[in-house]
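# return atomic coordinates for the entry below.
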Amino acid sequence: MSKNESLRKKLESKSIVKVGGAFDAMSAKLVESAGFDAIWAGSFAISATHALPDASILTMTEFFDVASTMAQTCNIPVIADCDTGYGGPTNVSHTVRKFESAGVSAICIEDKIFPKQNSLLKGGKQKLISEKEFVAKILAARDAKINKTFMIIARTEALIAESGMKEAIQRADAYENAGADAILIHSKKETPDEIIEFSELWKGNIPLVVVPTTYPTVSVEELIKNKFKMVIYANQTLRASYLAMNKVLKEI
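Numbering: from 1, shown residues only. This is a model prediction of the structure:
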């Protein structure tokens, strides 16, 4: 069974798929050895290892090199955080072909403008591209993949941009209809109330993905109860590495 097929089978058979964030091959192997179902090659964490903010500064090639090394090193699926897709529909097509050929099992793209700002940046200006523009990116991604088991995760930032629940649901519907294989709903609230409300209102038929960075105390049982099929713990390995290295270096 390929890693692509493994990821899809886990989404079908497990109550929820647990994904651990990584920033290089070693952290990815640690995620794998800890028993996670898949690895998240996160743009925030990879940017941080270059001492850069999560602001579309690194190139697609730089992110690709890290994700492809993870895929070569690990036996579980790798999901690449591809931010806004590194450009328009043509860029997204190229991105899909590159990442798929490298053995990555899924990419995630979001509906913000380029260059983006980190979703949780205090005082940040979060602006979305139009629904029509992002649908064009999903269509391009769908048409570019060779193997139908390769997944396109469409991430809507409507709640991050404070565009409202109606907008978030409308976009999720449009992205599913365009061919997305899963929807990632993102929130910067300190409780899961907003994403739970979304899960109750949205009537989609594809897996729902969540990243509980700002509400880390939400239980897996609560996410399962509210129809979430994948949870991504995006930056925990980066935080742990920073704290550990800082402590050791100060003690030398």
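# C-alpha from now on. contacts and neighbour counts both.
Fine.
# so where do the helices sit in the stretch 151-252 of the chain?
165-178, 193-201, 220-225, 236-251 (DSSP state H, counting those that start in this stretch).
# distance to Val96, mean neighbour count and mean pLDDT added to those, as a markdown table?
Listed next are those as a markdown table, based on distance: least, CA to CA, whole Å; neighbours: other CA atoms under 10 Å; pLDDT from 0 to 100:
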| stretch | distance to Val96 | mean neighbour count | mean pLDDT |
| --- | --- | --- | --- |
| helix 165-178 | 16 | 19 | 98 |
| helix 193-201 | 28 | 15 | 98 |
| helix 220-225 | 29 | 14 | 98 |
| helix 236-251 | 26 | 12 | 94 |
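# can I get those helices in JSON lines with distance to Leu7?
JSON lines is the format used below for these (distance: least, CA to CA, whole Å):
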{"stretch": "helix 165-178", "distance to Leu7": "19"}
{"stretch": "helix 193-201", "distance to Leu7": "22"}
{"stretch": "helix 220-225", "distance to Leu7": "17"}
{"stretch": "helix 236-251", "distance to Leu7": "21"}
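# look up the closest residue to Ser56, ignoring the ones flanking it.
Leaving aside its chain neighbours, Ser56 sits nearest to Pro115 (5.3 Å; criterion: CA to CA, 6 or more residues apart in numbering).
# I should have written Leu128 there, sorry.
Lys112 (4.1 Å).
# tally of neighbours for that neighbour?
Applying other CA atoms under 10 Å, we find 23 residues neighbouring Lys112.
# what does Thr217 give?
Thr217, neighbours per other CA under 10 Å, totals 11.
# not counting residues beside it along the chain, what's closest to Val210?
Distances taken as CA to CA, 6+ apart put Val231 closest to Val210, at 5.1 Å, once the chain neighbours are dropped.
# for beta bridges, what are the partners of the one you found?
Using DSSP bridges, the bridge partners assigned to Val231 are Lys18, Val210.
# touching, it and Ile16? I think so.
Yes. Using CA atoms under 8 Å, Val231 is in contact with Ile16, at 7.2 Å.
# host element of the residue lying closest to Gln236 once chain neighbours are set aside?
Distances taken as CA to CA, 6+ apart put Gly21 closest to Gln236, at 6.7 Å, once the chain neighbours are dropped. Using DSSP states H and E, Gly21 sits within strand 17-22.
# got the contact list for that strand?
The contact list for strand 17-22 (CA atoms under 8 Å, 6 or more residues apart in numbering) reads 10-11, 28, 31, 36-42, 45-46, 229-238.
# tell me which of these fall in strands.
By the criterion of DSSP state E, membership of the contacts of strand 17-22 in strands covers Ala38, Ile39, Trp40, Ala41, Met230, Val231, Ile232, Tyr233.
# what sits against Gly85?
Taking CA under 8 Å, 6+ apart, one finds Asn91, Val92, Thr95, Ile109, Glu110, Lys137 in contact with Gly85.
# and Ala106, by the same measure?
By CA under 8 Å, 6+ apart, Ala106 lies in contact with Asn4, Val78, Ile79, Ala80, Glu100, Phe150, Met151, Ile152, Ile153.
# redo those as TSV? Include pLDDT and distance to Gly124.
Shown next, in TSV, are the contacts of Ala106 (pLDDT from 0 to 100; distance: CA to CA, whole Å):
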residue	pLDDT	distance to Gly124
Asn4	96	35
Val78	98	29
Ile79	98	26
Ala80	98	24
Glu100	98	32
Phe150	98	33
Met151	98	30
Ile152	98	27
Ile153	98	24
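# of those residues, which is the nearest to Asp193?
Set against Asp193, the nearest of these by CA to CA is Ile153 (22.3 Å).
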